[in-house]
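Engineer: I'd like to go over a predicted model; first the sequence, then the structure.
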Amino acid sequence: MVAGDEGPVRVDSWIWSVRLTKTRSLAATACRAGHVKVNGERAKPAQPLKTGDEVRLFHAGRERVVVVSRLVRKRVGAPVAVECYVDNSPPEPPREVLAAVGVRDRGAGRPTKRERREMEQLRGRP
């Protein structure tokens, strides 16, 4: 069930196996969209991984930075999956920061220029 260092593993398969994405097709789609980088380079879904590679994944509005410590070919349980990588991800932003985004009423139409400027000011953008 768990492979040692028998050979390389596809990056999309490994991301799915260690439960960084919910499905393998989501992992492959993230690779094709350029949201996965291995050692700083964009990764294709079939790119082989080795122990010690750094994988950066932007998924679900968050960047995950992990270093491969063990290769797995099949999906494993959560306790085993955590042992397969070293998580160097930045901490999640607090909920208050995420909740600061304004929500418009349904049917209110497009924001006016003044409303758009106020929304950008709330988000902290110039």
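Structural biologist: That came in fine, so what should we check first? Keep in mind that what you see is a predicted model, and the values were worked out from it rather than measured.
Engineer: hey, let's count contacts and neighbours off CA atoms from now on
Structural biologist: OK.
Engineer: Do you have the helices of the protein handy? List them.
Structural biologist: For the chain, applying DSSP state H gives helices covering 11-17, 24-32, 78-82, 95-99, 113-123.
Engineer: Which one of those helices lies nearest to residue 50?
Structural biologist: The closest of those to residue 50 is helix 11-17. By CA to CA, the value is 9.4 Å.
Engineer: And the closest one, what does it pack against?
Structural biologist: In terms of contacts (3 or more CA pairs under 8 Å, 6 or more residues apart in numbering; DSSP states H and E), helix 11-17 is packed against helix 24-32.
Engineer: List the buried residues in the helix it packs on.
Structural biologist: For helix 24-32, the neighbour count (16 or more other CA atoms under 10 Å) marks 24, 27-28, 30-31 as buried.
Engineer: And the pLDDT for the nearest residue to residue 32 once chain neighbours are set aside?
Structural biologist: Excluding the flanking residues, the one nearest residue 32 by CA to CA, 6 or more residues apart in numbering is residue 44, at 6.0 Å. We have a pLDDT of 95 for residue 44.
Engineer: again, but for residue 107
Structural biologist: Note for residue 107: predicted pLDDT of 82.
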